[in-house]
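Engineer: Got a predicted structure here, sequence first:
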Amino acid sequence: MPAPTEAERFGQLKVLRQGWGFCRRNRSIENCPMTIGKRTFTRGLATHAVSRIAVTLPAPAILFTAAIGRDQNPAISEQRAAIEFLVETDGCECYRSGHIHGGEKAIPIRVPLNGATEFVLHVRGEQNWGHADWAMAQVTLADGKTLWLDEFPFSGVQPDQTPGFPCSFRYGNAESHALLDSWPLTVTSQRLDSERTAHTGTRVDPRTGLQITLRMIQYHDFPAVEWTVYFKNTGRKDTPILEDIQALDTVLHRAAGQEEWTLFRSRGSYCEARDFEPIDQPVGPSERVVLSGKAGRSSGQDLPFMNLKMPEGGVLLGVGWSGQWSATFQRDAGTGLTVRAGMERTHLKLHPGEEIRTPGILLFFWRGEALRAHNLFRRFMLARHTPKQSGRPVTLPVSMGQWGMVATKDHIAKIKLLLKHKVPFEHFWIDAGWYGDCKKMEDWIPQAGTWSFNKKLYPNGLEPLTSLLARHGKRMILWFDPERACDGSQIRRDHPGWLTSLKNTPYFLFDFGNPAARRWITDHIAGMIESQRIDIYRHDSNVDPLEFWRKKDRPDRQGIAEIRHIEGVYTFWDDLRRRFPNLIIDNCSSGGQRLDFEALSRTVPLWRTDWPGHPHYHSDGSQSQTHGLSWWLPVHAIGLRWPGDTYDFHSTVGAGLVGEIPGLEHKAVPAAWLKKHLAIARSIRDYYRGDYYPLTNYSLASDVWLAYQFDRPDLASGVLLAFRRETCPYPVLNVKLRGLRPGAYYRLKFSTKDPDQRHRGSALMNKGIDIRLNQPHASALVVYRRESNPRSSSR
């Protein structure tokens, strides 16, 4: 006979609802000693309103006892909140505490259970500051046996219950967990607005003066928390070596007998059709998975967003670092999973007064369906990590453009042609080649570092172009590559000390970590933005910086060049936005190689991958990239490779679009086609910021259909796109839509010659609709809208 499981022997706890964070055993929700009033408890369950914890018992019980109250941890000790504790059996209340505000003594309770084998611990009331403790929680079974609830296994994802900051490091060859408890702790909290609270925890080594500060943002409108760790030398001498800094270091647990962990993630940008390919990766006992950036760019290998999934929920993780991050997922032989994330290499001393920061960490907790969690995460990214204009997330443009190595008169001719045919572009995009002494196509690389106009091509700068565009309500995009300079460039001649070289590398890395260099490049580019009336500053970075940084570091300062460079890039972007509040910064980085949440808070990716410029480009890759990247990000765009090709248009249209790839322009501009399809792009782009539903599996195969849907509940409408690929033998695809109101009616408008259709939401979601494409290499775009007739809506 098999041994009984933990649940059979001890019962089980299942968190049905948690207002914020994780339910914890024997520690407060802030992972510090559980304190009610002035009394500290060593046992119990800590939760956060609004909370429901289902308790399953191994046998009938007669009594539940606990000491209840609002926790008085340092983060909230000065705050007050009205919460109530309830105990429920069979859907009925058998205990209610009345309002508790914080600071009161613990209230002892004795609740008869009358033979129940299940009951619910419920905390309701104000979510803000609603830290609730069920201290000393016990049940007495009918046979007289007493069980501690903190010994029950949890069903689902739970964090490590050990005390301390959720980070780690080694300091003077000692592990941080052996040091931090002896360093004095200061905790403060500040309400930033109705949706955010900032918590700051600081510890200082009394011997060396090393100060560690964890600055955390708790979100009240999303189940999310994020933090950055700072280290500062407050002493008078260099610190001992500080190394292996992990901004996140924690252990997650699952209940015994549950399914294994699955790590859902995506590839980064490789300039391949497979860019952003989603990967579901089980993490079994003793297995180890390591993800990272590549060559110093955050999404060059793995996208720095992951979802640790269990059947009932999980946690989404983001690493905010535009350099060389690393994340390790290590399973033990039991039920634990250690998660560590930070910079790939740190081994450095800090000079007196010197301060450094770590990568940012973002945790987003979820329960229920994983796809719903991803859509909530997309909403979070749009609300909290997308640049704003006039208080709203920026709208990506529908643009037309041209290579920079084109004379002003030729740009004007193209703009006038587009205007003549009423092509509804919003921005004109000038890419590389406008600077220095570029004479031929290849010169865009060796002339990098001379950020002034080629006078032969642009004798009056951009003024003739921006004036023409402004008269017609259009704007300007201009490309720069400020992190790279080549031999013979202006920066190389005038400021060689600001550049780092590598053997056998034909270019230099510009040192954004040098304050003087950063101020110079900021002033120079800001001056061009102002004088040339640039509305979108396109920031490329065609350099793999990691080896430059590591060459620059001394043995006892490993990691400092990377830290200072990335801090400098963030400051540069922030300074530009401060000077020009409506400026949009496009973050290219060789096409989508800096897609982390710190970069995305300041910039947008108008060019998510260099795949459209690849000699083996095919449209199916662009479809699949939308399919993969949209799990994580609501705002990203790319360009048409073949204007005039509707299949390519449907494959590339998104939250923004460039109607022609600069440098690969077609001599004959299909003006009528562009007029029609750029208008479509503008009409549907806002849907891509909504909820995302993949309607088929991800695939790059040519013999399948691929389809996806973007829905805007607030607009009562959305769009779906379906693609019958080149060798697919099937003319019909049935798709079941998601996110609709079952009782409402929807009108569907097809891009094909099919007539409009009208269906009830329940039919669209359950029976679906058939998309017919009689020929392969064909596509359909369907826009749907809920009818406003109240008689057609369900209640």
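Structural biologist: Now that the structure is in, tell me what you want to look at.

Engineer: dump the residue contacts of the residue nearest to the spatial centre of the chain.
Structural biologist: Nearest residue to the geometric centre of the chain (Cα atoms, centre = their mean): residue 597, 4.9 Å. Going by Cβ atoms under 8 Å, 6 or more residues apart in numbering, residue 597 touches 226, 304, 305, 318, 319, 320, 360, 362, 381, 385. For glycine as for every other residue, the C-beta is placed from the backbone atoms N, C-alpha and C.

Engineer: Just to check, the second one is in contact with residue 321?
Structural biologist: Yes. Because the distance of 7.3 Å satisfies Cβ atoms under 8 Å, residue 304 is recorded as touching residue 321.

Engineer: where do the contact lists of these two overlap?
Structural biologist: Contacts common to residue 304 and residue 321, judged by Cβ under 8 Å, 6+ apart, are 293, 298, 596.

Engineer: Export those residues to CSV and append columns for pLDDT, distance to residue 762 and neighbour count.
Structural biologist: Converted to CSV, the shared contacts of residue 304 and residue 321 look like this (pLDDT from 0 to 100; distance: Cβ to Cβ, whole Å; neighbours: other Cβ atoms under 10 Å):
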residue, pLDDT, distance to residue 762, neighbour count
293, 98, 45, 28
298, 98, 43, 29
596, 99, 40, 26
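
Engineer: Now, these that are in strands?
Structural biologist: Assigned to strands by DSSP state E, none of these qualify.

Engineer: In space, what's closest to residue 575 - neighbours in sequence excluded?
Structural biologist: Leaving aside its sequence neighbours, residue 575 sits nearest to residue 522 (Cβ to Cβ, 6 or more residues apart in numbering; 5.2 Å).

Engineer: An error on my part: the question was meant for residue 147.
Structural biologist: residue 139 (5.2 Å).

Engineer: Low-confidence stretches in the stretch 401-550 of the chain?
Structural biologist: Applying pLDDT under 70 to the stretch 401-550 of the chain picks out no residues at all.

Engineer: Please enumerate the helices of it.
Structural biologist: Using DSSP state H, counting those that start in this stretch, the helices of the stretch 401-550 of the chain run over residues 408-420, 463-471, 490-494, 515-531, 546-552.

Engineer: In CSV, list those helices along with distance to residue 62 and mean neighbour count.
Structural biologist: Formatted as CSV, these follow (distance: least, Cβ to Cβ, whole Å; neighbours: other Cβ atoms under 10 Å):
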stretch, distance to residue 62, mean neighbour count
helix 408-420, 81, 15
helix 463-471, 79, 16
helix 490-494, 80, 16
helix 515-531, 69, 16
helix 546-552, 64, 19
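
Engineer: Select, out of those helices, the one closest to residue 771.
Structural biologist: helix 408-420 (32.6 Å; Cβ to Cβ).

Engineer: so what secondary structure elements neighbour whichever helix or strand the residue nearest to residue 147 is part of?
Structural biologist: Residue 139 is located in strand 131-141, with elements delineated by DSSP states H and E. Under the contact definition 3 or more Cβ pairs under 8 Å, 6 or more residues apart in numbering; DSSP states H and E, strand 131-141 sits against strand 34-36, strand 39-41, strand 44-48, strand 51-70, strand 83-89, strand 107-125, strand 146-148.

Engineer: and the angle from the fifth one to strand 107-125?
Structural biologist: Calculated by axes from the mean of the first three to the mean of the last three Cα atoms, to 10 degrees, strand 83-89 forms an angle of 100 degrees with strand 107-125.

Engineer: Show me what strand 83-89 is packed up against.
Structural biologist: Going by 3+ Cβ pairs under 8 Å, 6+ apart, strand 83-89 lies up against strand 51-70, strand 92-96, strand 107-125, strand 131-141.

Engineer: in it, what's buried?
Structural biologist: 83, 84, 85, 86, 87, 88, 89 (16 or more other Cβ atoms under 10 Å).

Engineer: related to what we said a few turns ago, show the model's pLDDT score for the residue nearest to the centre of the chain.
Structural biologist: Residue 597 is assigned 99 on the pLDDT scale.

Engineer: Identify the residues contacting residue 759.
Structural biologist: 745, 746, 748, 769.

Engineer: Please repeat the previous calculation with a cut-off of 7 Å.
Structural biologist: 746, 748, 769 (Cβ atoms under 7 Å, 6 or more residues apart in numbering).

Engineer: Which ones among those lie within strands?
Structural biologist: 746, 748, 769.

Engineer: Any idea how many residues pack against the first one?
Structural biologist: For residue 746, the number of neighbouring residues by other Cβ atoms under 10 Å comes to 22.

Engineer: The residue nearest to residue 198 when sequence neighbours are not counted: how many residues sit nearby?
Structural biologist: For residue 198, ignoring the flanking residues on the chain, the nearest one in space by Cβ to Cβ, 6+ apart is residue 190 at 4.8 Å. Other residues near residue 190 come to 9 when the count uses other Cβ under 10 Å.

Engineer: who does whichever helix or strand residue 190 is part of pair up with?
Structural biologist: Residue 190 belongs to strand 185-193 when elements are defined using DSSP H and E. If you go by DSSP bridges, strand 185-193 pairs up with strand 196-204 (antiparallel).

Engineer: same for the next helix or strand after the partner strand, what does it pack against?
Structural biologist: Downstream of strand 196-204, the next assigned helix or strand under DSSP H and E is strand 210-219. Counting contacts by 3 or more Cβ pairs under 7 Å, 6 or more residues apart in numbering; DSSP states H and E, strand 210-219 packs against strand 196-204, strand 224-233.
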